[in-house]
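# Prediction below, plus the sequence it came from.
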Amino acid sequence: MEMLIFEVGIALALITFTGFLANKLRFSVIPFYILIGMAVGPHAPHFWKIDLRFIESSSFIEFMGRLGILFLLFYLGMEFSVARLFKSGKAILIGGSFYVALNFLSGLLLGWIAGLPVKETLVVCGIMTSSSTAIVAKVLVDLKRTANPETEMIMGMIMFDDLFIAIHISILTGLVLSGATSIVSVLLISLTALAFIVLFLFIGRKVIKYIDIALNVPSSELFLLMVMTLLFLVAGFSETLHVAEAIGALMIGLVFGESRHVKRIEQQIMPFRDFFGAMFFFSFGLTIEPSSLGGAVGMTVIAVILTIIGNLAAGMIAGRLSGASPRASLNVGFTLVARGEFSIIMANIGKAGGLMASIQSFAVLYVLVLAVLGPLLAKESKWFYQRFAIIGERWRRKRAN
């Protein structure tokens, strides 16, 4: 194990370099982290002391990636508020429902076209329905659209999507990770997972005031230790009930979201989220054999087309219900196209359950394409709106004649 620390240092150097490159090119860092992970690994060369195969450190890097999922979901839970979602209005609830339904149906259609088994199809549905909160938020900031009227609708629809992700992961856990074979046992495990989530949230809302009292300490060290203790205990206990540890992290995050210390927790957790989150995408890339991606090109092309059409339709429906302009509605649809962290988490569940390896290859290509294409479509939405307007005007004149 004499090379362990040095190999982790090399991995961090590669991640840092690609992070700088992504920022320079003004793209999301997620596809860059995955790509650099794919570029090295078992097939990579070995120069003197520099071993890009990461033989000694691969299991350690994989564990750090596992922690990355916990921190990503924990942070998401703190940002999410069911009460705020219902206050956001009918347009967001209906638009969010259409967004989830259209993307989920696209996943079912793709699974049917590709002839995938049921479990693989449901993982694909999750991959295609999970918009990237991180990329969407960055796009809104970069394009200076945070104050636009349609931004509230975009964030509301993302919150609705996050709620769906939590439920879908809990069902996938019962279906994919438990090893259950009959429909009854799968339903039983899925219902157990949902019952655990509901019961945990109910109890969490009752005890958060006592947790707040315990967290009222001036020492940053003790404060962080208490938060980490609860995070790891809940995530680990969830796994013993066949509920994904990521869902356990999401649940305790939702409880902490109601805490009066939520801002202090976010400030202390954010560095862990960023560091281990980067390791998660890098470790996911390490598991991908680049030569295997060729077999997923057809599925990816169909999925990208279905996603863009579905998101545009959901954006136009939500915009129409809220009285937004057609251009603002187009912004909603294009901004939500990006896929990222949660699609990879869904693919990771499939990997942990021993499903077809082609699902991972599909997830990588799909995320890479949409993580790049999504921000570009959002940026050029004005150009697309003008072209659509010209086509519409020509069509109306043709009908009039």
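Done, it's in.
# Count the neighbours of residue 70 for me.
Neighbour count of residue 70, defined by other C-beta atoms under 10 Å: 26. Just so you know, the C-beta spots here come from the backbone N, C-alpha and C atoms, and that holds for glycine as well.
# List the residues that contact it.
231, 232, 235, 245, 246, 249, 276 (C-beta atoms under 8 Å, 6 or more residues apart in numbering).
# With residue 358 instead?
292, 295, 296, 299.
# where's the second one relative to residue 35, distance?
In this case it means residue 295. Separation of residue 295 from residue 35 (C-beta to C-beta, to the nearest Å) stands at 18 Å.
# now residue 341
In terms of C-beta to C-beta, residue 341 sits 15 Å off from residue 35.
# Show the model's pLDDT score for the closest residue to residue 192 other than its chain neighbours.
The shortest distance from residue 192 to any non-neighbouring residue, by C-beta to C-beta, 6 or more residues apart in numbering, is to residue 241 (6.5 Å). At residue 241, the model reports a pLDDT of 72.
# got it, and residue 91?
So, for residue 91, pLDDT stands at 63.
# for residue 83, same thing?
60.
# just checking, next helix/strand downstream of the helix or strand harbouring residue 328?
Element membership of residue 328 [criterion: DSSP states H and E] is helix 326-335. Sequence order places helix 341-352 as the next helix or strand after helix 326-335, per DSSP H and E.
# before we move on, back to that, residue 341 and residue 35 - which one has more neighbours?
A count of neighbours by other C-beta under 10 Å puts residue 341 above the other of residue 341 and residue 35, at 25 against 18.
# Let me see the contact set for the more buried one.
By C-beta under 8 Å, 6+ apart, residue 341 lies in contact with 30, 72, 132, 133, 134, 277, 280, 281.
# Return the mean pLDDT over stretch 361-376, rounded to an integer.
Mean per-residue pLDDT for stretch 361-376: 84.
# Residue ranges in the stretch 1-150 of the chain under the pLDDT threshold?
Applying pLDDT under 70 to the stretch 1-150 of the chain picks out residues 1, 80-92, 134, 137-138, 141-142, 146-147.
# Ok, the stretch 151-300 of the chain next?
For the stretch 151-300 of the chain, applying pLDDT under 70 flags the ranges 174, 177-187, 189-190, 193, 242-244.
# how about the helices of it, start to end?
Along the stretch 151-300 of the chain, counting by DSSP state H, counting those that start in this stretch, helices occupy 183-215, 220-240, 245-256, 262-286, 297-322.
# closest one to residue 351 among those helices?
Of all those, helix 262-286 sits nearest to residue 351, with 8.8 Å by C-beta to C-beta.
# Against which helices or strands is the closest one packed?
Applying 3 or more C-beta pairs under 8 Å, 6 or more residues apart in numbering; DSSP states H and E, one finds that helix 262-286 contacts helix 4-25, helix 29-39, helix 58-79, helix 220-240, helix 341-352.
# Put together CSV for these, with distance to residue 107 on each row.
Shown next, in CSV, are the helices and strands packed on helix 262-286 (distance: least, C-beta to C-beta, whole Å):
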stretch, distance to residue 107
helix 4-25, 28
helix 29-39, 20
helix 58-79, 21
helix 220-240, 25
helix 341-352, 10
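# Out of the ones you listed, the one nearest residue 287 is which?
Smallest distance to residue 287 across the helices and strands packed on helix 262-286 (C-beta to C-beta): 7.1 Å, for helix 341-352.
# Quick check: buried residues in the next helix or strand after that closest one?
Next in sequence after helix 341-352, counting helices and strands by DSSP H and E, comes helix 358-379. By 16 or more other C-beta atoms under 10 Å, the buried positions in helix 358-379 come out as 358-375, 377-378.
# what do you get for stretch 212-226?
215, 223, 226.
# Let me have the residues you listed in CSV, adding distance to residue 206 as columns.
Listed next are the buried residues of stretch 212-226 as CSV, based on distance: C-beta to C-beta, whole Å:
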residue, distance to residue 206
215, 16
223, 22
226, 18
